[in-house]
Structures are given as C-alpha cells and as structure tokens.
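> Just to be clear, the model below is a prediction. Sequence and coordinates:
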Amino acid sequence: MNILIIGGAGYIGSHVTREFLDLGHRCTVYDNLSTGLRENLFPQARFIHGDIHDYPLLLAAMISGPHSPYDAIVHLAASKAAGESMLNPEKYSRNNISGTINILNAASAAGIQLFVFSSSAAVYGEPLYLPIDEKHPTNPENYYGFTKLEIERILEWYDKLKNIRFASLRYFNAAGYDIKGRIFGLEQNPANLLPIIMEAASGLRLELQIFGDDYDTPDGTCIRDYIHVNDLAAGHALALDYIAKNNKSLTVNLGSENGNSVKEVLETARKITGKEIPAKIAERRPGDPAKLTSSASLAFSLLNWKAKYSDMETLIKTSWTVYERSII
C-alpha cells in the first residue's frame, strides 16, 4: 500500500513507519518536527515537512504527495501529556480535535478511505473493573482522554457519512525502543515513567519523582500496563490490513495484559543499567488510579495480535541501549 504517516518522525510514529517499511509498504511521513526528529526519518520513506493545521499543504500532500494516490492514512500527530491537557486545554482542542478534523476533511477530499488512529486507554478513566476491555464505560478523567474519545466519535460519523473505515487503537503505556536497534531519537520532554527513569539513569534529569506510595497495591505505588513500541507498531499494520480486507471499522485495546508497579520498574531499571537512579516520593497526582491493566483479547481474536516484546526486561534493555548513548 501507499501510506501517509502523519506524525511519523515522533517516538511511536518512527517505529510505526519502520514496521510498514519492513512489510514492503511505500511510506511518506508528514510531520512538523515540533516533537518529531529528523534522525527518526528513514531514507526509504519520503518526507514532507508540514503542519496538520496547514490545510492547503495537507490536502496537496494527500493528492500529489510522493507516493500518491494514498491508500491509507496513519494519524499519530497529537499532543499527549495528560497533566498538561488540564492546564492548557486550548492546545489540546486545537492540536487533537481541530487538527484531526483537518486531516479527515483532507482525506475525504482526496478520496482516502482507510484511516488508522492513535487513540488511548485514557478514554476509559477510572477503572470500574480490571482488566479493562473495550466494553468498559468511557469516562475520561483528563482533557487529553476527552480529546481522544471525541476523535473516536468523529471517526464514527465519518465512517457513516464518508465511508472512511477506521481503526482506533487504544494504547496503554508505550515504552521501549526498536528491537533491532535502528531508532535512536530520544523522546522530547517525556511525561511517561520509563523514559523519565532512563533520563535519571543517564543524567539527563536529577531524579525520578514517585507520585504516591500509599496506594492499595503490594508496594504502595501505581501499577500500569506497559506495551513495547514494536508491539504497538505491529498492531497498526495488522489493524490496517483488517479494515482494508473487511471494509469495516475497528476499535481495540493494545496492551500487554500485565501490570508493573512504579517501584518494580525502577528496581528492574537499576539492575539492568547498573545506575543508582535517584528517586523521591512526591504527592499523589489527582486522577491517578491505583491500577490499570488491559484486556487485549479482542485484538488477539480479530487481528491475531499479541504482545511479544513487552516484558519489563526487554522494555528497559531496549530503552537503555538508546539512552546510554547520551552519556558523555
């Protein structure tokens, strides 16, 4: 297929691009490089430096880009820090909701009818039961999660009205780096646990803050479901194949179905890196549930997808390989 990957120079986007290239697809990356990096681009993929808010350029890229006509769009260009979204909802309204509407309108005008969307488990909010499956009520606790859920609703309407078939992939906590060691761009201003631990291990930040150690978990720290970015990338390819072959849309979780506490992740990182990794306990953050784990059985049954690389040692080893290079 000819695939336009919007946000393909970012952390997850570069891994997704690599997966599609490995499968023999022709890829064009469209990215404004606000958080994406040129070092995450591959010579086999064409690159358009553009912004999703520049509708004329976006439409021109879809109609007459290097590999046009495009069969599919993969959309990974969204702001993603839950805490920031509560302080700056204007940014998230513009980048996530308005930006996605721009992409969908351009896709409709260009006649592109396959759309893979990077969604989030943040659409669920506080868990009513565990593990969380796709039937769990959606009640986001932060504005970031709200924007992702709103985009899913918009996608449903474009499916009905414009015959754009979509795959909405609800990620849990993406982590790790390319198993084959081909991607080295560090995440910019990370907000997730594992890259923050890696920054503390490599001296890029002073310490790790652990937000609360009095939760109802075995060691008092929050438990989360971590999914290797290579497993995520494989899920994108399988999801695109599914909606193309079945001519119907899809919403699925992508998670490891396992849970690791903050302290477990930290201790494993200390063991693998050989670094002390300074850490201190801080106040709980509002809206942080004690435990979040996924059910990915629907992705397995529909896509034959299963997490292969999402054990904590692999997540940390592949991350440390990249972050260790930053140590002078």
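Nice, thanks for sending it over.
> What residue spans form the domains of this protein?
The chain breaks down into these structural domains: 2-175+226-254, 193-225+257-326 (assignment by automatic domain parsing).
> mind checking the end-to-end distance for the shortest one?
Distance across domain 193-225+257-326, first residue to last, is 18 Å (C-alpha to C-alpha, to the nearest Å).
> Pull the distance from that domain to the chain's centre.
Relative to the chain's own centre, domain 193-225+257-326 is displaced by 15 Å; criterion: C-alpha atoms, centre = their mean, to the nearest Å.
> Dihedrals phi and psi, Ala81?
Torsion angles at Ala81 (phi, psi; degrees, to the nearest 10) stand at phi -90, psi 110.
> what about the strands in the stretch 51-200 of the chain?
72-75, 114-120, 165-171, 173-175 (DSSP state E, counting those that start in this stretch).
> And these: which comes nearest Asp31?
Asp31 lies closest, by C-beta to C-beta, to one member of these: strand 72-75, at 11.6 Å. Where you see a C-beta, it was placed from the backbone N, CA and C, and this is true even at glycine.
> Who are the packing partners of that closest one?
In terms of contacts (3 or more C-beta pairs under 8 Å, 6 or more residues apart in numbering; DSSP states H and E), strand 72-75 is packed against strand 2-6, helix 11-22, helix 99-110, strand 114-120, helix 229-246.
> Could you check the angle the third one makes with strand 165-171?
Yep, that's helix 99-110 we're talking about. Using axes from the mean of the first three to the mean of the last three C-alpha atoms, to 10 degrees, the direction of helix 99-110 lies 160 degrees away from that of strand 165-171.
> for helix 99-110, packing partners?
For helix 99-110, the packing partners by 3+ C-beta pairs under 8 Å, 6+ apart are helix 55-64, strand 72-75, strand 114-120, helix 143-162.
> go on, the longest one?
Counting by 3+ C-beta pairs under 8 Å, 6+ apart, the packing neighbours recorded for helix 229-246 are helix 11-22, strand 72-75, strand 114-120, strand 165-171, strand 173-175, strand 250-254, helix 297-303.
> tell me the mean pLDDT over it?
When pLDDT is averaged over helix 229-246, the result is 98.
> List the buried residues of it.
Residues of helix 229-246 classed as buried under the neighbour-count rule (16 or more other C-beta atoms under 10 Å) are 229-240, 242-243.
> Send over that helix as CSV, restricted to the C-alpha atoms.
Backbone C-alpha positions of helix 229-246 (Å, rounded to 0.1, in the frame of the first residue of the first chain) are rendered in CSV as follows:
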residue,chain,number,x,y,z
VAL,A,229,6.5,0.1,20.9
ASN,A,230,7.4,-2.6,18.4
ASP,A,231,4.3,-4.5,19.5
LEU,A,232,2.3,-1.3,19.1
ALA,A,233,3.7,-0.9,15.6
ALA,A,234,2.8,-4.4,14.6
GLY,A,235,-0.8,-3.7,15.8
HIS,A,236,-1.0,-0.7,13.4
ALA,A,237,-0.1,-2.9,10.5
LEU,A,238,-2.5,-5.7,11.4
ALA,A,239,-5.3,-3.2,12.0
LEU,A,240,-4.8,-1.6,8.6
ASP,A,241,-4.9,-5.0,7.0
TYR,A,242,-8.1,-5.8,8.9
ILE,A,243,-10.1,-2.7,7.9
ALA,A,244,-8.9,-3.0,4.3
LYS,A,245,-9.9,-6.6,3.9
ASN,A,246,-13.2,-6.5,5.9
